[in-house]
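Visitor: From the sequence below, what's the structure:
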Amino acid sequence: MTKTLKPKINSLLTKRVTQLHQAGYTSDFALTKGKNLRSLQTEIETKPFATTIKLVDQIYDRLFLQYKYVHTVETDNGEKGILLLPAIFFQLVARQRAVAV
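Guide: Purely as a prediction, here's the structure:
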């Protein structure tokens, strides 16, 4: 009988996100194709220059077998949240600009 391994929930990543939520970073952000930030709660899209983005952690995600870079986001309208990416935000933006030129 073969044993199938189920992916384990990444408790360290979950713990870090929970800590940030408790610290007031309650929204979740996604990066759009145009490299803007979209709040998943309010669906408001914000340009990166209208935000403060900080890299706060790097955690290995055992579910997707890759590192996740944890960023905090504070928008000019006061919304605070978390952005999880497979790379550092500023490197992703720089790569897109280099390709566009």
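Visitor: Every contact and neighbour count from this point should use C-alpha atoms.
Guide: Will do.
Visitor: quick one, strands of the chain?
Guide: In the chain, the strands defined using DSSP state E lie at 27-31, 37-39, 45-46, 51-61, 66-75, 80-85.
Visitor: which residues are in contact with the longest one?
Guide: The one in question is strand 51-61. Identification of contacts with strand 51-61 by C-alpha atoms under 8 Å, 6 or more residues apart in numbering yields 10, 12-13, 66-76, 88-89.
Visitor: From those, list the buried ones, please.
Guide: Leu13, Lys68, Tyr69, Val70, His71, Thr72, Val73, Glu74, Thr75, Ile88, Phe89 (16 or more other C-alpha atoms under 10 Å).
Visitor: which ones are touching Gly81?
Guide: Gly81 touches His21, Gly24, Tyr25, Thr26, Ser27, Asp28, Phe29, Thr72, Val73, Glu74, counting by C-alpha under 8 Å, 6+ apart.
Visitor: Which pair in those residues has the greatest spatial separation?
Guide: Greatest spacing in the contacts of Gly81, by C-alpha to C-alpha: Gly24 and Phe29 (14.0 Å).
Visitor: Out of those two, name the residue with the larger neighbour count.
Guide: Using other C-alpha atoms under 10 Å, the more surrounded residue of Gly24 and Phe29 is Phe29, with 26 against 12.
Visitor: out of everything not next to it in sequence, what's closest to that one?
Guide: Ser39 (4.5 Å; C-alpha to C-alpha, 6 or more residues apart in numbering).
Visitor: cool, Ile88 as well?
Guide: Tyr69 (6.0 Å).
Visitor: From what I see, that neighbour and Phe90 are in contact.
Guide: No. Look at Tyr69 against Phe90 with C-alpha atoms under 8 Å: they stay out of range, at 11.2 Å.
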